[in-house]
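Chemist: Build me a model:
(one chain, ligands or ions: 1)
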Amino acid sequence: MLTVSNLEAGYGDVQVLFGVSLSVKAGEVVTLLGRNGMGKTTTIKSIFGLIRPAAGAVEVEGVALAGQPPFRVAQAGLGLVPEGRQIFPNLDVEENLVATAANRTKREQAWTLERVYAFFPRLKERRRNMGTQLSGGEQQMLAIGRALMTNPKLLVLDEATEGLAPVIRAEIWACLARLKQDGQSILVIDKNVDALVKLADRHLILEKGRIVWEGTSGDFLASPDLKDRYLHV
Ligand SMILES: Nc1ncnc2c1ncn2[C@@H]1O[C@H](COP(=O)(O)OP(=O)(O)OP(=O)(O)O)[C@@H](O)[C@H]1O
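Modeler: This is a model prediction of the structure:
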């Protein structure tokens with residue numbers, strides 16, 4: 001599905017990623033973990049063409065994407081729920097959902113407005129509200145719904161539960177679990193390791209721009225020192 005190999009990237013003269021490699025297979029849920037400033041968002045920006053990697057390869061089902069503009073990455077089947085949600089503020093909920101919608105993969109069970117509303121009934125209630133009038137949790141559901149409307153082969157969430165109340169976080173995790181049951185491939189960046197260990201199949205830990213650990217949820221639980229070494233502040 002997604003293969004990233006030896007990615008190097010940074011900002012100006014400052015190198016942030018030093019050969020990041022990762023993969024997500026069809027139907028898998030994989031997490032990218034690490035403390036603040038370790039390069040998680042830079043990895044996502046490089047994958048999505050939001051910054052140009054200095055070296056390395058990004059492939060989606062064999063299509064080479066490194067250095068391609070964001071619309072090509074979207075066309076290849078990657079859907080992003082960006083950090084900070086980035087809801088279009090001057091559009092209402094429904095307009096946000098259809099703004100970037102596409103069924104490029106020609107799925108039989110495509111995501112449509114009706115299906116997104118059935119998945120997030122709260123969005124249906126709020127369909128005529130402007131993006132800015134929504135609560136943080138509703139905005140997050142909208143950002144996920146908007147990405148699903150592109151019918152992505154891989155859904156990527158960057159800090160999807162940041163700043164949300166614990167009960168709302170739990171709702172978002174539950175949504176992701178339902179998507180996983182549906183066979184959706186997902187890459188999640190988040191700091192709530194305990195919730196992610198239950199949800200995900202595999203985990204990668206990023207430290208100073210390098211992948212320093214990789215394993216299954218079982219491996220992660222069997223190494224309790226990982227949290228102190230790489231994840232706690
Ligand atoms: N636009 C930018 N210009 C210059 N340096 C940046 C920029 N964005 C991030 N950096 C630097 O790159 C490094 C990695 O940042 P990145 O946002 O990828 O980390 P992160 O792991 O996603 O952390 P966080 O959880 O804080 O978002 C940090 O040292 C950060 O200061």
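Chemist: C-alpha from now on. contacts and neighbour counts both.
Modeler: OK.
Chemist: who's in contact with stretch 31-51?
Modeler: Contact with stretch 31-51 is made by 4, 7, 9-10, 16-17, 20, 52-53, 58, 65-70, 73-74, 78, 158, 187-191, 193, 196, 200, 202-209, 230-233, as judged by CA atoms under 8 Å, 6 or more residues apart in numbering.
Chemist: give me that answer again for 7 Å
Modeler: Taking CA atoms under 7 Å, 6 or more residues apart in numbering as the criterion, the residues outside stretch 31-51 that touch it are 16-17, 52-53, 58, 66-70, 73, 158, 187-191, 200, 202-209, 230-231, 233.
Chemist: so who does D190 touch?
Modeler: L33, D158, E159, A160.
Chemist: tell me which residues of the longest helix seen in the chain are tucked away?
Modeler: Ordering each helix of the chain by length in residues (DSSP state H) puts helix 166-181 first. Burial within helix 166-181, assessed by neighbour count using 16 or more other CA atoms under 10 Å, is assigned to I168, R169, I172, W173, C175, L176, A177, L179, K180.
Chemist: So for it, mean pLDDT?
Modeler: Along helix 166-181, the predicted local confidence has a mean pLDDT of 94.
Chemist: follow-up on the earlier one: derive a PyMOL selection command for the buried subset of the contacts of stretch 31-51.
Modeler: To isolate the buried ones among the contacts of stretch 31-51 in PyMOL, judged by 16+ other CA under 10 Å, type:
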select buried, resi 16+17+52+53+58+66+67+68+70+73+158+187+188+189+190+191+200+202+203+204+205+206+207+208+209+230+231
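Chemist: Can you flag which of the contacts of stretch 31-51 belong to strands?
Modeler: In strands, defined here by DSSP state E, the members of the contacts of stretch 31-51 are 16-17, 58, 158, 187-189, 202-207.
Chemist: if we can go back for a sec, can you tell me which of the buried residues of helix 166-181 lies closest to the ligand?
Modeler: Proximity to the ligand was ranked across the buried residues of helix 166-181 by CA to the nearest ligand atom; first place goes to R169, at 16.8 Å.
Chemist: does the spatially closest residue to that closest one that is not a sequence neighbour count as helix, strand or coil?
Modeler: Leaving aside its chain neighbours, R169 sits nearest to T161 (5.5 Å; criterion: CA to CA, 6 or more residues apart in numbering). Using DSSP: H, G, I helix; E, B strand; the rest coil, the structure places T161 in coil.
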